[in-house]
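**Q** Pasting a predicted model and its sequence here:
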Amino acid sequence: MINKNSETAGLRKLAIESGMIDPKIIRVKDIVLGEWVRWKCKYGCPDYGMWLTCPPFSPTPTETRALLREYKRALLFRMKPDKAKMKSLANLERRIFLEGHPKSLAFSGGSCNLCKVCNVQSRTCRKPEIARPSMEACGIDVFETVRRVGYQISILKDRNSKFTYFGMVLID
């Protein structure tokens, strides 16, 4: 029998070793979805349609809702907005998989930064082994979700303000 406290500590440790900040195990039922989130991508984000990990190519809120029904827990964390975020995230997903969680599936924050120009014309990702959609691209209301589980988050009033992304790995 697995000790849930030691398993939680182990998953949090893996996240920290992978460069994630303040990881928490959350219940999937605390993840909030909304159609409005993708609308904000479509009408407000200059990257709309530029990356295969973002709308209109990413899973819809309806598809994400169906996926979430297959999970009970997730690992949620802050991520630094750096060039290695996707590689670090894919690495964490793999490490969790190897720890005995075959359903592990990661979501990034913000747009993909793996290629200078995405291969949207052919709709074939050049780096599918490490590219992951962002939570907001799939309709996850990041603001409400992270507030529900105790993180502090506020709306930035200036585009030059420092920020961190949130990322997540669905576990089981």
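**A** Looks like it arrived, so ask away. The structure presented is a predicted model; accordingly, all values stated were derived computationally and were not measured. Numbers count the residues shown, from 1 in each chain.
**Q** Any regions of the chain where pLDDT drops low?
**A** 1-3 (pLDDT under 70).
**Q** What ranges does the chain have for its strands?
**A** In the chain, the strands defined using DSSP state E lie at 21-27, 73-79, 105-107, 165-170.
**Q** With respect to burial, which of those scores highest?
**A** Of these, the one with the most neighbours on average (mean count of other CB atoms under 10 Å) is strand 165-170, at a mean of 26. (C-beta placed from N, C-alpha, C; glycine too.)
**Q** For that one, which strands pair with it and how are they oriented?
**A** strand 73-79 (antiparallel), strand 105-107 (antiparallel) (DSSP bridges).
**Q** got TSV for those strands, with distance to residue 30 too?
**A** Shown next, in TSV, are the strands paired with strand 165-170 (distance: least, CB to CB, whole Å):
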stretch	distance to residue 30
strand 73-79	9
strand 105-107	15
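**Q** ok, and the closest non-adjacent residue to residue 90?
**A** Distance criterion CB to CB, 6 or more residues apart in numbering; nearest residue to residue 90, sequence neighbours excluded, is residue 130 at 3.9 Å.
**Q** I figured the one you found hits residue 114, correct?
**A** Yes: Residue 130 is in contact with residue 114 according to CB atoms under 8 Å; the separation is 6.5 Å.
**Q** and the gap between the most centrally placed residue in the chain and residue 157?
**A** Nearest to the mean C-alpha position of the chain, counting by CA atoms, centre = their mean, stands residue 107 at 2.4 Å. Relative to residue 157, residue 107 is positioned 26 Å away (CB to CB, to the nearest Å).
**Q** What of residue 61?
**A** Separation of residue 61 from residue 157 (CB to CB): 27 Å.
**Q** the more surrounded of the two?
**A** Neighbours were counted for residue 61 and for residue 157 using other CB atoms under 10 Å; residue 61 has more, 17 against 6.
**Q** can you pull the contacts of that one?
**A** Contacts for residue 61 (CB atoms under 8 Å, 6 or more residues apart in numbering) come out as 33, 34, 35, 37, 38, 138, 139.
**Q** Out of the residues you listed, the closest to residue 103 would be?
**A** residue 138 (16.2 Å; CB to CB).
**Q** Let me know how buried the closest one is, in neighbour terms.
**A** 23.
**Q** show me the contacts for the closest residue to it other than its chain neighbours.
**A** In space, and not counting its chain neighbours, residue 138 is closest to residue 64: 4.3 Å by CB to CB, 6+ apart. Applying CB under 8 Å, 6+ apart to residue 64 gives the contacts 33, 138, 139, 140.
**Q** count of neighbours near the closest residue to residue 61 other than its chain neighbours?
**A** Nearest residue to residue 61, sequence neighbours excluded (CB to CB, 6+ apart): residue 139, at 2.8 Å. When neighbours are defined as other CB under 10 Å, residue 139 has 24 of them.
**Q** Sweet, I'm off.
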